[in-house]
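Asks: Mind folding the following:
(one chain, ligands or ions: 2)
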Amino acid sequence: MKTLAATLCTSPRCRRTPDKSDVDPRPAADGLRTCWVCRDRTAELLAAVPSLYAECETMLARTTGTFEKVGGSTTPGLPLDLGVADVRADILGVLAAWASLVVDERGLVPLGLGTVASLAQFLDGHLDWLAAHPAAGDWCDELADLVRRADRVLDPDTTRRSLVSTCVMDDCPGQLWALLRDVDDTRPSAITCDAEQSHTWQPDRWLDLGTYLKFRAVA
Ligand SMILES: [Zn+2]
Ligand SMILES: [Zn+2]
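Replies: Ligands and ions are numbered 1, 2, ... in the order given. Prediction:
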């Protein structure tokens, strides 16, 4: 494992340089081709996928219903609806493709037609193996891209962004933004840094962050 330990994280979304023009990847974790931050970030993204998929379903059902009522025709929906349908199809397609890669290369029993939830659960059981795979960087990248696209097509108006402060992490040039969701939005609200995605505070840690910011302001 000596050769692998010396390599860098292959995720194209690993740590970015301060001017965001390039990546400055962390060293890969022992035996993996990504760092632990990217591996864990992928686990978080994967866990979010089933609910994003369900939200796409809900949104499509809602818009289809509206169109039937209003137009009474089979005219395709607005570009936004097509976007949701695309993302929904891609979520299933991307998870199914990675699951079949795992099944093929690990010699497992084929899964058959899985739901997004069952595919996500299956892939979650192989996260370390995927992080050690030659395509680990693509895996991180595709998953992050799916979640970003889903977030963008799903009720973009229900997310409000407001500036909190400069990032509190050592030497980080980023700004912290609060992403506030509507109360009926199932996605979590969070405070995130625009320079480094691992600098994220979930609501249960906002109190700690607030105390620290107050302390920093008077220090
Ligand atoms: Zn990384
Ligand atoms: Zn930061």
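Asks: switch to C-alpha atoms for all contacts and neighbour counts from now on
Replies: OK.
Asks: Just confirm Ser162 is within a helix.
Replies: No: the assignment for Ser162 (DSSP: H, G, I helix; E, B strand; the rest coil) gives strand, which keeps it out of a helix.
Asks: Contacts only, for it.
Replies: Trp177, Ala178, Leu179 (CA atoms under 8 Å, 6 or more residues apart in numbering).
Asks: So which of those residues sits lowest on pLDDT?
Replies: pLDDT across the contacts of Ser162 is lowest for Leu179, at 78.
Asks: Could you look up the SS state of it?
Replies: Under three-state DSSP, Leu179 comes out as strand.
Asks: If it is in a bridge, with which residues?
Replies: Beta bridges link Leu179 to Arg161, Ala190 when assigned by DSSP bridges.
Asks: on that earlier part again, buried ones among the contacts of Ser162?
Replies: Listed as buried from those are Trp177, Ala178, Leu179; burial here means 16 or more other CA atoms under 10 Å.
Asks: Skip the chain neighbours and tell me the closest residue to the second one.
Replies: The one in question is Ala178. With sequence-adjacent residues excluded and distances taken as CA to CA, 6 or more residues apart in numbering, Ala178 is closest to Ile191, at 4.2 Å.
Asks: and the gap between Tyr53 and Asp104?
Replies: 25 Å (CA to CA, to the nearest Å).
Asks: now Asp22
Replies: From Asp22 across to Asp104, the span is 34 Å (CA to CA).
Asks: In this model Leu180 seems to touch Ala190, though I could be wrong.
Replies: Yes: checked against CA atoms under 8 Å, the pair Ala190 and Leu180 is within contact range at 7.0 Å.
Asks: Which pLDDT does the model give the most centrally placed residue in the chain?
Replies: Centroid check for the chain by CA atoms, centre = their mean gives Leu45 as the closest residue, at 3.7 Å. Listed pLDDT for Leu45 reads 94.
Asks: Kindly report the same for the one 3 residues further on.
Replies: Among the per-residue scores, Ala48 shows a pLDDT of 92.
Asks: burial of it, as a residue count?
Replies: The number of residues packed around Ala48, counting by other CA atoms under 10 Å, is 16.
Asks: and the host helix or strand of Thr58, what does it pack onto?
Replies: Taking DSSP states H and E as the criterion, Thr58 maps to helix 36-70. Using 3 or more CA pairs under 8 Å, 6 or more residues apart in numbering; DSSP states H and E, the elements in contact with helix 36-70 are helix 79-106, helix 116-124, helix 127-132, helix 136-153.
Asks: So for ligand 2, which of those sits nearest?
Replies: Proximity of the helices and strands packed on helix 36-70 to ligand 2 was assessed by CA to the ion; the nearest stretch is helix 136-153, lying at 18.4 Å.
Asks: So which bits of the closest one are buried?
Replies: In helix 136-153, counting by 16+ other CA under 10 Å, buried: 136-144, 146-147, 149-151, 153.
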